[in-house]
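*Asks:* curious how this folds, go ahead:
(chains A and B)
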Amino acid sequence: MKPSIPKGTRDFGPAEMQKRQYIFNSLRLNFELFGYQPIETPSMENISTLTGKYGEEGDQLIFKILNSRIHEHKNKELLKKEFELSLESSRNSEELTEKALRYDLTVPFARYVVMNQHNISFPFKRYQIQPVWRADRPQKGRYREFYQCDADVIGSNSLVNELDLISLIDKSFKELNVPVVLKFNNRKILSAIAEVINEPDKIIDITVAIDKLDKIGKEGVNKELAEKGVSDDAIKKLQPLLEFKGDNRAKVAILQQLVGNTETGKKGIEEIEYLLNNSTPHFAKMELDITLARGLNYYTGTIFEVKANAGTFTPSILGGGRYDDLTGIFGLVNMSGVGISFGIDRIYDVMEELNIFPEQIGKMSTTKIMFAHFDEETQMHCIKLSAELRDKGIACEVYPDATKKLGKQFDYANKKNIPFVCTVGSNEITAGMYALKDMQKGQQQQLNVSDLIQFLKNN
RNA sequence: GUAGGUAUAGCUCAGUUGGUUAGAGCAUCGGUUUGUGGUACCGAGGGUCGUGGGUUCGAGUCCCAUUACUUACCCCA
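*Replies:* Model prediction:
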């Protein structure tokens, strides 16, 4: 059998893991610097927890888990009927699938908050670093299994949380040295637009269409709007939005004209102005993008998206926003939350393309020193030495095979990028002086055990 | 779901208008070197050319089907 792994999944070797962990560690550190606490939730959720939260398209991409032991089901006729119905249309049958792999970390978080509401003191700031699964068709930068690193605050309406997240985004990408543009918008603006042009039912179609502006252009957007049944009159009213150019202030002015006289519009503009006036990103380029919509259904206020600002591969590497009533579905109302999600797999891809991982990352050995030997006796001596070094906190290993060939042992150390090799033969044992070779410099020196330990601690 | 591309050694790929025994680099193993790697030289193993059918005296090469992978669209981290 030829081994393989499912489409859209990947194995990670030691070098990749080192780079991935570099990103994970950096993000985790920042999450904690901002006061977020870690939680984890199961890979699978009850399917009813997930469906209906991501929009029509999103729901289709949920990985469903077939119920176990369906061959033992008591009512097979019912199963057959359910299966046939499932062939007819996109629906979910709990007789067939009652669990699904999580699609994101936000919805499971909302579920967690509702279930643990009596043990949580609000506002609750949590971070979560776990894989999610999407039954998408894989392509460049798109995987079926990938990690999200989420930071959310729930139980606070304050826009200070948005400011906090902007700082977190700014600081995180600064530390990773990834040049980014942080785009933001407000769903209230989008709602107000739908209101103003009298197409409140088409809010999703409208947002999705204008989201594509930079891809398909003004004409493309208009065409799509018409296809979705938006009236000509409404499309005409939308034109200023699609045509304007200018800086953040100019955009606000346009919004003011377009939706400033509606209540939601006014509120949305207020929020946007607050963020523009009070956020202080030093690294990320902050840009109000009034065509930014984001597909997920649950956002109601501020929305965020981050893209790399260099190179040719610039997918969205972070997304987020405010959701006012995600917990409401689970029975806990008046619980507004806001959060962001770093897509570390894409951040990795972007960093790889821009070649901005620090030089040593991916090339460093976690082993500091390897012991080379000549026979079983000298090998045993190495094992004792290694125990002594490990007690002092020095990562070391003994070449596992008994071989007389030093070359082979050095080759192993070299390929593993182990910086030091200590050769232990009978001469060394008798003298109590060991040959320590610096693999990079190629220099060798004789040291006794305590000097060896001291040297390795200092280098 | 829609549209393209690719499929030859463990990996990355050559392979001419269809023509003898299908090649290279890397990797692996061995040797040059029985106490020294990263750089040198020599050698070895490893392929049903994705699968099935067709055209032909002859197919890795042309045609059809099929499967897998991949890219773009949709959507998204």
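*Asks:* got the residues of the stretch 151-300 of chain A near RNA strand B?
*Replies:* Proximity of the stretch 151-300 of chain A to RNA strand B is confined to A:208, A:211-212, A:215-216, A:294-296 under the rule CB under 7 Å from any atom of the strand. C-betas here are computed from N, CA, C, even on glycine.
*Asks:* 6 Å instead?
*Replies:* Residues of the stretch 151-300 of chain A lying near RNA strand B by CB under 6 Å from any atom of the strand: A:208, A:212, A:215-216, A:294-296.
*Asks:* closest one of those to RNA strand B?
*Replies:* A:Gly295 (0.7 Å; CB to the nearest atom of the strand).
*Asks:* any chance you could map the strands in the stretch 351-459 of chain A?
*Replies:* According to DSSP state E, counting those that start in this stretch, the stretch 351-459 of chain A carries its strands in the segments A:369-372, A:396-398, A:420-423, A:434-438, A:444-447.
*Asks:* so what secondary structure elements neighbour the longest one?
*Replies:* Packed against strand A:434-438 by the contact rule (3 or more CB pairs under 8 Å, 6 or more residues apart in numbering; DSSP states H and E) you find strand A:420-423, strand A:444-447, helix A:449-458.
*Asks:* so is stretch A:432-440 next to RNA strand B?
*Replies:* Yes: Stretch A:432-440 reaches RNA strand B (CB under 6 Å from any atom of the strand) through A:435, A:437, A:439-440.
*Asks:* I'd like those as TSV, with distance to A:Gln239 appended.
*Replies:* Output for those, formatted as TSV (distance: CB to CB, whole Å):
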residue	distance to A:Gln239
A:Ala435	79
A:Lys437	73
A:Met439	66
A:Gln440	64
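*Asks:* PyMOL command for the buried members of the residues you listed?
*Replies:* Filtering the residues of stretch A:432-440 next to RNA strand B down to the buried ones (16 or more other CB atoms under 10 Å) takes a single PyMOL command:
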select buried, chain A and resi 435+437+439
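*Asks:* and chain A, what are its domains?
*Replies:* A:14-62+A:103-354, A:369-458 (automatic domain parsing).
*Asks:* picking that back up, of the residues of stretch A:432-440 next to RNA strand B, the lowest pLDDT goes to which?
*Replies:* Minimum pLDDT for those is recorded at A:Gln440 (87).
*Asks:* got the contact list for it?
*Replies:* A:Pro419 (CB atoms under 8 Å, 6 or more residues apart in numbering).
*Asks:* next one: A:Leu292
*Replies:* By CB under 8 Å, 6+ apart, the residues touching A:Leu292 are A:183-185, A:211, A:303, A:305.
*Asks:* of those residues, which is the most crowded?
*Replies:* Highest neighbour count within the contacts of A:Leu292, by other CB atoms under 10 Å: A:Asn185, with 28 neighbours.
*Asks:* helix/strand/coil for that residue?
*Replies:* At A:Asn185 the chain is in strand, as set by DSSP: H, G, I helix; E, B strand; the rest coil.
*Asks:* excluding chain neighbours, what is closest to it?
*Replies:* A:Leu292 (4.1 Å; CB to CB, 6 or more residues apart in numbering).
*Asks:* quick check: pLDDT value at that neighbour.
*Replies:* 85.
*Asks:* and for the one 3 residues further on?
*Replies:* Each residue has a pLDDT score; the one for A:Gly295 is 68.
*Asks:* likewise for A:Pro358?
*Replies:* At A:Pro358, pLDDT is 90.
*Asks:* which ones are touching it?
*Replies:* Counted by CB under 8 Å, 6+ apart, A:Pro358 has contacts A:Tyr22.
*Asks:* mind checking how far it is from A:Thr366?
*Replies:* A:Pro358 is 16 Å from A:Thr366, where distance means CB to CB, to the nearest Å.
*Asks:* quick one on the thing from earlier: return the subset of the residues of the stretch 151-300 of chain A next to RNA strand B lying in helices.
*Replies:* Mapping these onto helices (DSSP state H) picks out A:208, A:215-216.
*Asks:* among those, which one has the most neighbours?
*Replies:* Greatest neighbour count in those, by other CB under 10 Å, goes to A:Val208: 19 neighbours.
*Asks:* thinking that one is in contact with A:Thr291, fair?
*Replies:* No: between A:Val208 and A:Thr291 there is no contact under CB atoms under 8 Å: 10.6 Å.
*Asks:* end to end, how far does stretch A:239-254 reach?
*Replies:* 11 Å (CA to CA, to the nearest Å).
*Asks:* list the buried residues for it?
*Replies:* A:241-242, A:248, A:251-252, A:254.
*Asks:* ok, now stretch A:416-428?
*Replies:* A:417-425, A:428.
*Asks:* near RNA strand B, list only the ones from those residues.
*Replies:* Among the buried residues of stretch A:416-428, the residues lying close to RNA strand B (CB under 6 Å from any atom of the strand) are A:423, A:425, A:428.
*Asks:* and the residue of the stretch 101-250 of chain A found nearest RNA strand B, how many neighbours?
*Replies:* Closest contact between the stretch 101-250 of chain A and RNA strand B, by CB to the nearest atom of the strand, is at A:Gln139 (3.2 Å). When neighbours are counted by other CB under 10 Å, A:Gln139 registers 8.
*Asks:* now do A:Gln409
*Replies:* A:Gln409 has 22 neighbours, counted by other CB under 10 Å.
*Asks:* okay but it is in contact with A:Met370, surely?
*Replies:* Yes: counting by CB under 8 Å, A:Gln409 does reach A:Met370; the two are 7.4 Å apart.
*Asks:* what do these two both touch?
*Replies:* Each of A:399, A:421 lies in contact with both A:Gln409 and A:Met370 under the rule CB under 8 Å, 6+ apart.
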